[in-house]
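1. predicted coordinates and the sequence they were generated for:
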Amino acid sequence: MNTQPQSADEPARSAPNRGAPTRCALGLGSNLGDPKANLDAAVRKLEETEGVTLVARSSDYRTPPWGPVEQDDFINICVVVDTVLSPQSLLKRCLQIENELGRVRDVRWGPRVIDVDVLICGMQKIDEPDLEIPHPRMGDRAFVLIPLAEIWPDAPLADGRTAAEALETCPDQAGVVRLG
C-alpha cells in the first residue's frame, strides 16, 4: 500500500482548535516476522492517531542491516505526516506503536519487529537525551535518505542540506533496492 494522499510539498491541512500542524518525517524499518505487514500495521496506527495526518508514504526498500549485528535485511520506508502533537508527544506515540507491535529492545542496532524514528519536525531543533531533531545521522544513511527524498526531497536536515542534496553524496546507496 503506497498511500500518497498529497505531495509532501503541498501546504499542511489545519487541525480544528489545536493550532497549525507541523510537517514531520518518520523513518520506519522492520526485519523480523513479516516486515511488510509490520510496516503496514505501524502506518495504520499512525493514521489512526488523533492529531496525525498521513501526507505521503514512500515505496518499500530492501536495505542491508546497519551496525555491527549480523541479521537479515530490513524493509525500510519513510512517511511524511502533519501533526499538532509536540515532538515529544509524537515520539511517545511512535514508541507506543513499537510496543503495541511487539518491539523488544535488547540489542542496539539488532533485529526488530518495527522501528519508528522521528526524523524531522518542521524546522525545530531539539537536543534532548531521548530525542534529537533533526535526526543527527540521517544525512549519512541511504536507507533513510532514499525513501525520504522520494516523498520529500526538500526535507531539511540538521546540517542545512535537503534530503535530495544529502543523497547526492550519501554512501552505500547500491545496497538499497526499491521493492515492486
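-> Done, it's in. Residues are numbered from 1 along each chain as shown.

2. quick one: low-confidence ranges for this protein?
-> Residues of the chain meeting the criterion pLDDT under 70: 1-18.

3. 90 instead?
-> Counting by pLDDT under 90, the chain has low-confidence residues at 1-19, 65-70, 103-110, 136-137, 158, 172, 180.

4. helices of that one, residue ranges please.
-> Secondary structure of the chain by DSSP state H: the helices cover 35-47, 87-100, 142-151, 163-167.

5. mind checking how far residue 102 is from residue 37?
-> 12 Å (Cβ to Cβ, to the nearest Å). In short, each C-beta sits where N, CA and C put it, glycine included.

6. likewise for residue 149?
-> Going from residue 149 to residue 37 by Cβ to Cβ gives 25 Å.

7. give me the more crowded residue out of the two.
-> Taking other Cβ atoms under 10 Å, residue 149 and residue 37 do not tie; residue 149 has more neighbours (22 against 11).

8. report the contact partners of residue 106.
-> Not one residue lies near residue 106 by Cβ atoms under 8 Å, 6 or more residues apart in numbering.

9. recalculate using a threshold of 10 Å.
-> Taking Cβ atoms under 10 Å, 6 or more residues apart in numbering, we find residue 106 in contact with residue 112.

10. thought residue 151 was touching residue 61?
-> No: between residue 151 and residue 61 there is no contact under Cβ atoms under 10 Å: 11.9 Å.

11. need the residues touching each of those two.
-> What both residue 151 and residue 61 touch, as defined by Cβ under 10 Å, 6+ apart, is the set 77-78.

12. which residue is the nearest non-sequential neighbour of the residue nearest the centre of the chain?
-> Residue closest to the average C-alpha location in the chain (Cα atoms, centre = their mean): residue 27, at 1.6 Å. Distances taken as Cβ to Cβ, 6 or more residues apart in numbering place residue 117 nearest to residue 27, at 4.5 Å, with adjacent residues excluded.

13. for that neighbour, give its distance to residue 20.
-> According to Cβ to Cβ, residue 117 stands 24 Å off from residue 20.

14. in terms of neighbours, single out the busier of these two.
-> Comparing residue 117 with residue 20 by neighbour count (other Cβ under 10 Å), the higher total belongs to residue 117, at 16 against 12.

15. what sits against that one?
-> By Cβ under 10 Å, 6+ apart, the residues touching residue 117 are 25-29, 78, 91, 94, 98, 135, 138, 144.

16. could you pull up the contacting residues of the nearest residue to residue 26 once chain neighbours are set aside?
-> Counting by Cβ to Cβ, 6+ apart, residue 26 lies nearest to residue 79, which is 5.1 Å off, once chain neighbours are set aside. The neighbours of residue 79, taking Cβ under 10 Å, 6+ apart as the test, are 3, 8, 24-28, 39, 42-43, 46-47, 52, 54-58, 116, 119, 147-148, 151-152.
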